[in-house]
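S.K.: Here's my sequence, what's the structure:
(2 chains)
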Amino acid sequence: MADGYDPQAIEAKWQAWWAEHGTYEVDNDDPRPHWYTLCMYPYPSGAAHMGHVRNYTFGDLIVRSRTMKGYAVLSPMGFDSFGLPAENAAIKTGRHPREFTEERIEQLSQSVMRIGAVYDWRRLVTSHDPAYQRWTQWIFLRFLEAGLAYRRNAPVNWCPGCQTVLANEQVLADGTCERSGDPVVKRDLEQWFFKITDYADQLLDDIDDLDWPERVKVMQRNWIGRSEGAEFDLVVTDADGVPAPGGAQVRVFTTRPDTSFGMTYAVMAAEHPLVASIVPADRRVEVDAFVATARQASDVERMSSEGSLDKRGVFTGVYVMNPFTQAPVPLYLADYVLMGYGTGAIMAVPAEDQRDWDFAQVHGLPIVRTIQPPDGWEGEAWSGEGAHINSGWMDGMGKAEAIASAIDFLERDGLGEGKVNFRLRDWLVSRQRFWGCPIPIVYCDDCGIVAVPDDQLPVLAPDDVEFLPTGESPLRRHPGFLHTTCPTCGGPATRETDTMDTFVDSSWYFLRFADPWNSEEPFSLAAASGWLPVDQYIGGVEHAILHLMYARFFTKALADLGVAPKELREPFARLFTQGMIRLGGDKMSKSKGNLVAPEEILDREGADALRLAHLFVGPPQDDVDWEGVGIEGCARFLQRVWRLATGEAGRPPVERDVTADDLEIARATHRLIAKVDEDLERWSYNTTVAAFMEFSNDLYRYVQAPDGPRAETLAFALDTMLELMAPMAPHITAELWQRRRGGHVHEQPWPQADPAMLLVDTVTMVVQVNGKVRDRLEVPSSIDAAEAECLALGSEKVQAHLGDNPPRKVITRPPSLVNIVAG
RNA sequence: GCCCGGGUGGCGGAACUGGUAGACGCAGGGGGCUUAAACCCCCCAGCCCCUGCGGGGGCGUGUGGGUUCGAACCCCACCCCGGGCACCA
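M.R.: Numbers count the residues shown, from 1 in each chain, chains lettered A, B, ... in the order given. This next block holds a predicted model:
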């Protein structure tokens, strides 16, 4: 008697075999067509959780199936190993973050191997590896040379909880820190920025050609937030329109220059630099008071009033000339105008902008419609289409024509010009943290900002530092690190003590994977050209904006700098974003304490069953609730496969000529090949697993039939099923293949369906009367319309339903359907 | 508020381009195996009604309309759930 299915034994055996034989190691000069599959490299958080399992199950399936289809598949693994949790742990325990991190890398590596996912481990990349830091810093210096990295004093988002600066992206809509939940405050600091805005247009335009989920593309477009309009100067005047001494002007941005005749006031942000110089003495006290409140108001307060904004503001005491009407209008400060967008000042057109309308109501300002609202419009501001009124020469024009005409006017008179604005801001990369890649810069009293020379890279953080919850990086308190000599003049200098945002590390790791051994450059052009762009990138939808945007920016910038291949405009040709794991409706997470540990299932049902369960539970892009996961059903299914393939189920195979039943099994086998091929291509893994289950159910009936199975037919069916299942359930299929055939199932060529075997002789034809199914007839699949109609009308059930009503019309769709329309 | 998704049995889901709604699995029911239980094997199974027990009929994909010979699928309005953005001029 054959021994039973023992997942623990065979999974350990095959995982060891793949590791020892370097089965999924691939060289850059591999002659097979190249294919690069990548799962977003994980933050090393310890043993894998269900989200990891799901991610790597999808990735591994692609690696293995692409390999069987004849590709050289690059499947690397790495770790996003810098970051706050390790440093916070260090502050708590005093353990060095490296020790903490490397322990967790080991744990996560082990659990990834335990689910049977295979990688070219030789190419391992970790962010904190000095070799990797060296090239991250090298890239920073190239950006600096190219003007893509710059330093400026800027109001930054400061999180009191994390004691560090946050990027705009890390501040939630309610003004709190995405990590600690503390309210974020504004502080002025010297910070390093990357000039991602230089690429705003390209980042926007190139989205169109990406094979990415539409929702991710939409999110990226919205984040970039391109808007077209005009920018122009307003001359500061007194109430009578007499220009102020000094000739001050306020520049405003608008997307609706066509409505300028309706500008009845203008607004500047409280932080606007002109506030200091243009406000007359008699308005100073009130204006200063307003500015003080506005500055102190944290984002939390500003956001807290939500829909019903109170439109706080103050009159500056001066006016600006509306160049369209040649009339002075009052200039206000208001907190609904942001210094960070456009010019920090707007022309206000209350009739066509609801926010301006609200403000005008509160402050008793006039409202002049310049667009005729549609008949019956009873709302307030009308921002839609309509003919222009009260607009001088633009009267009667439509929106597009009037915009062009208004810009024309501004440009002709030298007042302003057409202008495109973006919501996207430059990327603040400085972090006051220890556990990150140091910024390779030295400050010299004589030479100023000096780049650390390439041959002195990497700048590494010292190990002997104290981890304290202060506002400063431990690097700043380490004299040996802080004090250095200027590389240019040799005089005394201090190092930059900030480190880079960890998103910098993750913005180019996928390039390093192509050439991780390179010690002369981050990666060679040839290696990058050979593998990039990533053919299939897989990860969580939570990275839809930041990581993907930054990685796209890096790729474009590196290509333009000649570091990456010139033609490499995008890093990830195809992107797949998987759904989240929930438990009973809640997001599954450590903080909620509702984790289902993969280990328990690996110990009990095994990795193949767990992988299959993840694939079977539903569409990969959807969120899954672990309560709906049928691990038992998948384990049971694998048991059945085991018994079928080892001959434990049913009667022994016999030699005989092909019977009708044998032929049907052979056809079902070919249909399975076609179905699996199609489903894998469209990421429909749940239906693929269903097809395997259905097929094994057919085989079970087949081997139990009184005549027994035909040996050749059964062998073909089983071997084919093992080959097709090999990417999804790699261990059991490897073991069964070795027992049945010897050798390795994952080295077999991918099965091909015989088109002739996909044809069927007869099909079930549905007969409807008035659209309701009344009969089902077995008909030859070659039946024509006339025969189908004839058969359908001959059906007794149809006759019964027709009664005395003669058919008025017959719709035929041979061979599947006939619909009889009766009176 | 704006922009995306989505709503199908007790549950997860299937139905690919408008053509048999509910594949496959979980949970459930019946039978077999067993001294017994578990495992395993076979069968049933959307809801409601009728039945002479062969079967027959009606209803049914969030709600209400529409287009069509025919709608889970297309159109309009609405309700609910999830996600993104949010005083961006």
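S.K.: is any part of stretch A:420-433 close to RNA strand B?
M.R.: Yes. Interface with RNA strand B: stretch A:420-433 contributes A:421, A:423 (Cβ under 7 Å from any atom of the strand). Quick note: C-beta positions are derived from backbone N, CA and C, even for glycine.
S.K.: C-alpha coordinates for that stretch, CSV please?
M.R.: Taking C-alpha atoms only, stretch A:420-433 is exported to CSV below (Å, rounded to 0.1, in the frame of the first residue of the first chain):
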residue,chain,number,x,y,z
VAL,A,420,-0.3,75.0,-15.9
ASN,A,421,-0.3,74.2,-12.2
PHE,A,422,0.2,71.0,-10.4
ARG,A,423,-0.9,69.7,-7.1
LEU,A,424,2.2,67.6,-6.9
ARG,A,425,5.0,69.1,-4.7
ASP,A,426,8.6,68.5,-4.6
TRP,A,427,9.6,65.4,-2.5
LEU,A,428,10.9,66.2,0.9
VAL,A,429,13.5,63.5,1.6
SER,A,430,15.2,64.6,4.8
ARG,A,431,14.5,62.6,7.9
GLN,A,432,15.8,63.3,11.4
ARG,A,433,16.4,59.7,11.9
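S.K.: which SS class is the nearest residue to A:Pro652 once chain neighbours are set aside?
M.R.: Once flanking residues are discounted, A:Pro652 sits nearest to A:Gly708: 6.3 Å by Cβ to Cβ, 6 or more residues apart in numbering. Secondary structure for A:Gly708, judged by DSSP: H, G, I helix; E, B strand; the rest coil, is coil.
S.K.: tell me the contacts of A:Gly708?
M.R.: A:650-654 (Cβ atoms under 8 Å, 6 or more residues apart in numbering).
S.K.: Most neighbours among those residues, which one?
M.R.: A:Gly650 (18 neighbours; other Cβ atoms under 10 Å).
S.K.: Do a quick rundown of the helices in the stretch 351-500 of chain A.
M.R.: A:354-363, A:399-412, A:479-482 (DSSP state H, counting those that start in this stretch).
S.K.: In what element of secondary structure is A:Val676 found?
M.R.: Assigned by DSSP states H and E, A:Val676 falls within helix A:660-681.
S.K.: do that helix and RNA strand B meet?
M.R.: Yes. With Cβ under 7 Å from any atom of the strand as the criterion, RNA strand B is reached by helix A:660-681 at A:675, A:678.
S.K.: Tabulate the CA atom coordinates of that helix in PDB.
M.R.: The C-alpha trace of helix A:660-681 is given here as PDB (Å, rounded to 0.1, in the frame of the first residue of the first chain):
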ATOM      1  CA  ALA A 660     -16.800   6.800 -25.200                       C
ATOM      2  CA  ASP A 661     -16.000   7.500 -21.600                       C
ATOM      3  CA  ASP A 662     -12.300   7.400 -22.200                       C
ATOM      4  CA  LEU A 663     -12.700   9.800 -25.100                       C
ATOM      5  CA  GLU A 664     -14.700  12.100 -22.800                       C
ATOM      6  CA  ILE A 665     -11.900  12.100 -20.200                       C
ATOM      7  CA  ALA A 666      -9.300  12.800 -22.900                       C
ATOM      8  CA  ARG A 667     -11.400  15.700 -24.100                       C
ATOM      9  CA  ALA A 668     -11.900  17.000 -20.600                       C
ATOM     10  CA  THR A 669      -8.100  17.000 -20.200                       C
ATOM     11  CA  HIS A 670      -7.600  19.100 -23.200                       C
ATOM     12  CA  ARG A 671     -10.400  21.400 -22.100                       C
ATOM     13  CA  LEU A 672      -8.600  21.800 -18.800                       C
ATOM     14  CA  ILE A 673      -5.400  22.900 -20.500                       C
ATOM     15  CA  ALA A 674      -7.300  25.500 -22.400                       C
ATOM     16  CA  LYS A 675      -9.200  26.700 -19.400                       C
ATOM     17  CA  VAL A 676      -6.100  27.000 -17.200                       C
ATOM     18  CA  ASP A 677      -4.200  28.800 -19.800                       C
ATOM     19  CA  GLU A 678      -7.000  31.300 -20.300                       C
ATOM     20  CA  ASP A 679      -7.600  31.800 -16.600                       C
ATOM     21  CA  LEU A 680      -4.000  32.300 -15.700                       C
ATOM     22  CA  GLU A 681      -3.700  34.900 -18.400                       C
END
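S.K.: contacting residues around that helix?
M.R.: Residues lying outside helix A:660-681 but in contact with it, judged by Cβ under 8 Å, 6+ apart, are A:61, A:65, A:656, A:658, A:685, A:687-688, A:691-692, A:695, A:698-699, A:702, A:705, A:707, A:709-710, A:713-714, A:716-717, A:720-721, A:724, A:727, A:751-754, A:757-758, A:760.
S.K.: among those, which ones are buried?
M.R.: A:61, A:65, A:685, A:687-688, A:691-692, A:695, A:698-699, A:702, A:709-710, A:713-714, A:716-717, A:720-721, A:724, A:727, A:751, A:753, A:757 (16 or more other Cβ atoms under 10 Å).
S.K.: of the residues you listed, list those near RNA strand B.
M.R.: With the criterion set as Cβ under 7 Å from any atom of the strand, the members of the buried ones among the contacts of helix A:660-681 near RNA strand B are A:Thr687.
S.K.: Can you see whether the host helix or strand of A:Arg215 contacts RNA strand B, counting any residue in it?
M.R.: Using DSSP H and E, A:Arg215 sits in helix A:214-224. Yes. Counting by Cβ under 7 Å from any atom of the strand, RNA strand B has neighbours in helix A:214-224: A:214-215, A:218-219, A:222-223.
S.K.: now the residues you listed in a markdown table, with pLDDT and neighbour count?
M.R.: Below are those laid out as a markdown table (pLDDT from 0 to 100; neighbours: other Cβ atoms under 10 Å):
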| residue | pLDDT | neighbour count |
| --- | --- | --- |
| A:Glu214 | 85 | 7 |
| A:Arg215 | 86 | 12 |
| A:Val218 | 87 | 12 |
| A:Met219 | 88 | 16 |
| A:Asn222 | 89 | 11 |
| A:Trp223 | 90 | 18 |
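S.K.: Out of those, which comes closest to A:Pro373?
M.R.: Closest to A:Pro373 out of the residues of helix A:214-224 next to RNA strand B is A:Asn222 (27.6 Å), distances taken as Cβ to Cβ.
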